[in-house]
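sequence plus predicted model, see below.
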Amino acid sequence: MKIKYIKIWLPLLLLMVISCKTKKQEETFNPANAKRIVSVSKQLTEMMFALGKGKDIVACDLTSSYPDSAKLLPKVGYHRLLSTEGIVSMRPDIVIYSQNIGPVTVIPQLQQVGVRCKEFFESNTLDSAQLLLNALGNYFGVSAVADSLNHQLQQQMQVVYAAQKQCVDTPKVMVIQFGQANNVYFVMSGRNSPADAMIRMAMGKPAVYQAKGASQLSAEAIAAANPDIIIVTDFGFEKLGGIEGVKKLPGVALTNAAKKSNIYRFNEHDIVYFGPRSAGNILSLMKIFHPNIHATLP
């Protein structure tokens, strides 16, 4: 009988011990002292490097491609197809992530095995990027660095606002993005994305793309949108072999952009989210849309 009760209570006792240990660890955990950080969101990775915490990142997701140092880190999967085992194998002090990661089971699985996880919001606007920098700075004990980055960004945006006054037209712009995980391609512009906001700040007008789906571009929808300028993210531009390869995408040859060869490569991490370099990225777009603009960041 005693053996029966031991079998029943022993697992419960072990769970209580683990729970108490985890609770104690949480009470003593100081994010500022974290030396093994896994970042599975590209904007978080860039911001952590900007905040001087890049040296503490031991792994990241495949889309974390800025700065160059991030490319050298071990990868734990595409941000929407993360590997729980890969993350656990990195023995992280903490995993930082935003809402757009997957699969939905990955965070519960990590928490179940005792991996500490912290969610941060996305930086889809200039204001939210500054708030996110502050949130990361406060959490990891580098708030003064975050304040300095935000001050610099605000100063640089003044140059962008002044340059906007030099623009005399608003060309229609389409952005085509390629997914690195499965090589699908889709139109980003015209869907209220961060790219749309940057296009408008660069004094362009997002081309409206009415077709649905991400795995195949609609020739009819691209022809109907008829952009004056097409921006293709770096992975797709290089995969297609440059401008002539882009022209072979469905419907692209019929656009004003193709007829005038107004097709440009742009780094994906510069246009899919806002961050500390956004003023420079917007200015780079503006100089594509308006080649006669003269403006330089301080």
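Yes, it's here.

now the strands for the stretch 101-250 of the chain?
Secondary structure of the stretch 101-250 of the chain (DSSP state E, counting those that start in this stretch): strands located at 117-119, 172-178, 185-187, 205-206, 229-233.

dump the ones you listed into CSV; add mean neighbour count as well.
For the C-beta atoms, the positions are set from N, CA and C on the backbone; glycine is no exception. Shown next, in CSV, are the strands of the stretch 101-250 of the chain (neighbours: other Cβ atoms under 10 Å):
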stretch, mean neighbour count
strand 117-119, 15
strand 172-178, 25
strand 185-187, 21
strand 205-206, 22
strand 229-233, 26
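
turn these into CSV, columns for mean pLDDT and distance to Gln152.
Converted to CSV, the strands of the stretch 101-250 of the chain look like this (pLDDT from 0 to 100; distance: least, Cβ to Cβ, whole Å):
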stretch, mean pLDDT, distance to Gln152
strand 117-119, 97, 25
strand 172-178, 90, 26
strand 185-187, 74, 33
strand 205-206, 95, 28
strand 229-233, 95, 26
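
Lys71 is nearest to which of those?
Closest of these to Lys71 is strand 229-233, at 15.7 Å (criterion: Cβ to Cβ).

so which elements touch the closest one?
strand 172-178, helix 256-259, strand 263-266, helix 278-289 (3 or more Cβ pairs under 8 Å, 6 or more residues apart in numbering; DSSP states H and E).

mind checking which of these is nearest Glu238?
Per Cβ to Cβ, nearest to Glu238 of those: strand 263-266, 7.6 Å.

contacting residues around stretch 237-246?
176, 178, 183, 230, 232, 236, 248-249, 252, 258, 261, 263, 265 (Cβ atoms under 8 Å, 6 or more residues apart in numbering).

which parts of it are buried?
Using 16 or more other Cβ atoms under 10 Å as the burial criterion, the residues of stretch 237-246 that qualify are Phe237, Leu240, Ile243, Gly245, Val246.

what's the helix or strand for Pro276?
Using DSSP states H and E, Pro276 maps to neither a helix nor a strand.

how far away is it from Asn292?
28 Å (Cβ to Cβ, to the nearest Å).

more neighbours: the two, which one.
Between Pro276 and Asn292, counting by other Cβ atoms under 10 Å, Pro276 is the more crowded of the two (22 against 8).

and that one, how close does it get to Lys248?
36 Å.

nearest to His79, out of the helices and strands packed on strand 229-233?
strand 172-178 (14.0 Å).

any chance of the strands of the stretch 101-250 of the chain in TSV with distance to Lys42 as columns?
Shown next, in TSV, are those (distance: least, Cβ to Cβ, whole Å):
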stretch	distance to Lys42
strand 117-119	15
strand 172-178	13
strand 185-187	17
strand 205-206	22
strand 229-233	12
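
which one of these lies closest to Met47?
strand 117-119 (13.4 Å).

just give the strands next to that closest one in its sheet, each with its orientation.
Sheet neighbours of strand 117-119, with direction, are listed as strand 94-97 (parallel) (DSSP bridges).

how far off centre is the partner strand?
Computed by Cα atoms, centre = their mean, to the nearest Å, the separation of strand 94-97 from the middle of its chain amounts to 14 Å.

how about stretch 246-266?
For stretch 246-266, the distance to the chain centre is 26 Å (Cα atoms, centre = their mean).

start to end distance for it?
For stretch 246-266, the first-to-last residue distance is 13 Å (Cα to Cα, to the nearest Å).

how about that stretch: buried residues?
Those would be 246-247, 249, 251-252, 254-255, 257-258, 262-264, 266, for stretch 246-266 by 16+ other Cβ under 10 Å.

returning to what we had before: return the member of the contacts of stretch 237-246 nearest to Leu217.
Leu249 (5.8 Å).

list the contacts of that closest one.
Leu249 touches Ile176, Tyr185, Leu217, Ile222, Leu240, counting by Cβ under 8 Å, 6+ apart.

just Met157 next, same as before
Taking Cβ under 8 Å, 6+ apart, one finds Leu126, Ala279 in contact with Met157.

and the one 5 residues further on, by the same measure?
Ala162 makes contact with Ala295, according to Cβ under 8 Å, 6+ apart.

ok, it to Ala295 distance?
7 Å.

for Thr233, same thing?
24 Å.

go on, Val272?
23 Å.

those two: which has the busier surroundings?
Val272 (19 against 14).

so what's the nearest residue to that one once chain neighbours are set aside scoring on pLDDT?
Among residues not flanking Val272 along the chain, Pro194 sits closest, at 6.0 Å (Cβ to Cβ, 6 or more residues apart in numbering). In this model, Pro194 is scored at 93, pLDDT.
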